[in-house]
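Peer 1: generate coordinates for the sequence data below:
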Amino acid sequence: MSFTNHVQLVGRAGSDATSCLLSDGSRIVRLRLYQPPSRHTTEVEPDYFYLVAWDGIARQLEAQVKRGNRLLVHGRLTNRRWEQEGIMRTRTEVHLSHFVRLKPATKNDLAISSSHQLLP
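Peer 2: As a prediction, the model looks like this:
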């Protein structure tokens, strides 16, 4: 596996996955991944990323992920370009190669992350 274009993110699903069956029989699923702003910055808006999954991963994502689920995703960045109403648009997407649903964060997890201590 090449690591020249590799991204790994943790966040929450912003909505249920939306699925589309293409004319060639391929399935595509799209989803937004949100990351809340860090408590150590002045930003108030969350970061969000557009996720795209194909075929087998798409079916798994659609079946397993609901709005608000915590996810760890792996994939590669892709820039998609299209024309809409005479204007060229560009969107950076993460095309998934793997994802994992994470357990909900506990208060203990938050205490450890906020203190920045390493566990032995």
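
Peer 1: for the most centrally placed residue in the chain, give the beta-bridge partners.
Peer 2: Here the mean C-alpha position of the chain is nearest to the C-alpha of residue 33 (Cα atoms, centre = their mean), at a distance of 3.8 Å. Beta bridges link residue 33 to residue 13, residue 49, judged by DSSP bridges.

Peer 1: would you mind measuring from it to residue 40?
Peer 2: With the distance defined as Cβ to Cβ, to the nearest Å, residue 33 ends up 21 Å from residue 40. (Each C-beta comes from the backbone N, C-alpha and C, glycine too.)

Peer 1: sorry, back to before: can you tell me which residues contact the residue nearest to the centre of the chain?
Peer 2: For residue 33, the contacting residues are 9, 11-14, 48-49, 51, 71, 73, 94, by Cβ atoms under 8 Å, 6 or more residues apart in numbering.

Peer 1: how about a cut-off of 7 Å?
Peer 2: Contacts here follow Cβ atoms under 7 Å, 6 or more residues apart in numbering; on that basis residue 33 touches 9, 11, 13-14, 48-49, 51, 71, 73.

Peer 1: how near is it to residue 8?
Peer 2: Distance of residue 33 to residue 8, computed by Cβ to Cβ: 11 Å.

Peer 1: what do you get for residue 41?
Peer 2: Residue 41 is 21 Å from residue 8, where distance means Cβ to Cβ.

Peer 1: tell me the bridge partners for the nearest residue to residue 100 once chain neighbours are set aside.
Peer 2: The shortest distance from residue 100 to any residue that is not its chain neighbour, by Cβ to Cβ, 6 or more residues apart in numbering, is 4.5 Å, and that residue is residue 72. Listed beta-bridge partners, residue 72: residue 10, residue 100 (assigned using DSSP bridges).
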